[in-house]
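K.L.:
quick one, fold the following:
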Amino acid sequence: MTFQVIQHLVWDNCQELQGIADFNQKKVKVYINRGYYDFVRRTKCIADIVDITTVADQHSYTATDAANLAFVYKPYQVRYIEAGNTDRGDILKYKDFSEIPDVKSAGTPFWYWTRGVMTRGEFEIGTHPVIGETAATLRVYAYMFPLADLSLDADEPLIKEAWQDALVDYATWKLFKVYQHNNREWKEKAREHKFNYMEMVDLANQEMITDSDDVLEVIDVY
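P.N.:
As a prediction, the model looks like this:
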């Protein structure tokens with residue numbers, strides 16, 4: 001569905017609210033986008049591979065080194081590929097940042113660490129030892145946030161068509177919740193659409209596990 005269609009469906013669901021002074025299309029758009037991020041966060045339905053070109057002895061890497069790191073929600077595998085190699089590289093083990101030795105050493109990495117996980121724009125990744133080679137690749141397989149908000153009428157969310165009604169239910173749930181103090185029936189409508197939304201989240205999670213045998217489908221976000 002396009003962003004325009006999703007807006008129309010939410011608007012239709014919220015006819016009782018349309019007489020309220022501060023209920024408007026801008027607010028509808030905001031809650032649709034909140035639903036977009038919430039659904040992606042709960043289901044991890046968008047994944048990507050981010051390649052970082054290393055700089056010898058650089059302590060860590062952020063979005064200034066690879067732009068899509070700004071949208072990493074949570075990595076699920078990290079590999080180190082030496083410069084000039086075309087293979088998949090070596091899998092690095094995760095180590096909590098607090099366990100990384102204070103004394104930095106450079107060489108071939110065995111572990112990776114992260115900070116700013118589950119935030120948008122604050123993700124940081126490094127290795128131990130610090131990579132001592134320029135032009136190698138630190139390959140990050142990660143669950144991602146959407147690369148952009150839905151803004152144009154023709155925009156479409158990067159989730160399967162079968163799950164896109166979830167954004168309608170999320171926005172409807174939250175909008176009725178905002179105004180539920182004005183009407184007891186609106187409180188019940190909020191509950192109803194919350195139930196529909198959470199049911200869609202559960203179905204999406206079950207479908208991904210069943211269809212992929214625990215291997216998440218990687219959606220091309222470019």
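
K.L.:
next up, the contacts around Lys29.
P.N.:
3, 7, 150-151 (C-beta atoms under 8 Å, 6 or more residues apart in numbering). Bear in mind the C-beta positions are built from the backbone N, C-alpha and C, glycine included.

K.L.:
swap the cut-off to 10 Å and go again
P.N.:
Residues near Lys29 by C-beta atoms under 10 Å, 6 or more residues apart in numbering: 3, 6-7, 10, 149-151, 171.

K.L.:
quickly find the element holding it.
P.N.:
Element membership for Lys29, per DSSP states H and E: helix 25-43.

K.L.:
which positions in that helix come out as buried?
P.N.:
27-29, 31-33, 35-36, 38-43 (16 or more other C-beta atoms under 10 Å).

K.L.:
quick one on the thing from earlier: could you dump the contacts of Lys29 to a markdown table with neighbour count, pLDDT and distance to Lys187?
P.N.:
Shown next, in a markdown table, are the contacts of Lys29 (neighbours: other C-beta atoms under 10 Å; pLDDT from 0 to 100; distance: C-beta to C-beta, whole Å):
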| residue | neighbour count | pLDDT | distance to Lys187 |
| --- | --- | --- | --- |
| Phe3 | 21 | 98 | 28 |
| Ile6 | 25 | 98 | 24 |
| Gln7 | 20 | 98 | 24 |
| Val10 | 25 | 98 | 18 |
| Asp149 | 15 | 96 | 29 |
| Leu150 | 22 | 97 | 28 |
| Ser151 | 10 | 97 | 31 |
| Ala171 | 29 | 98 | 17 |
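
K.L.:
nearest to Ala56 among those residues?
P.N.:
Nearest to Ala56 among these: Asp149, at 37.2 Å, using C-beta to C-beta.

K.L.:
ok, the residue nearest to that closest one when sequence neighbours are not counted - contacts?
P.N.:
Once flanking residues are discounted, Asp149 sits nearest to Asn33: 4.8 Å by C-beta to C-beta, 6 or more residues apart in numbering. Asn33 is in contact with 3, 146, 148-151, 157, 167, 170-171, counting by C-beta under 10 Å, 6+ apart.

K.L.:
any chance of the residues you listed in JSON lines, plus distance to Tyr73?
P.N.:
JSON lines is the format used below for the contacts of Asn33 (distance: C-beta to C-beta, whole Å):
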{"residue": "Phe3", "distance to Tyr73": "22"}
{"residue": "Pro146", "distance to Tyr73": "10"}
{"residue": "Ala148", "distance to Tyr73": "15"}
{"residue": "Asp149", "distance to Tyr73": "16"}
{"residue": "Leu150", "distance to Tyr73": "18"}
{"residue": "Ser151", "distance to Tyr73": "21"}
{"residue": "Pro157", "distance to Tyr73": "15"}
{"residue": "Leu167", "distance to Tyr73": "17"}
{"residue": "Tyr170", "distance to Tyr73": "17"}
{"residue": "Ala171", "distance to Tyr73": "21"}
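
K.L.:
and those residues, which is closest to Tyr112?
P.N.:
Nearest member of the contacts of Asn33 to Tyr112, counting by C-beta to C-beta, is Pro146, at 24.4 Å.

K.L.:
in what helix or strand does Ile125 lie?
P.N.:
strand 124-128.

K.L.:
show me what that strand is packed up against.
P.N.:
strand 60-61, strand 72-81, strand 106-107, strand 111-115, strand 137-144 (3 or more C-beta pairs under 10 Å, 6 or more residues apart in numbering; DSSP states H and E).
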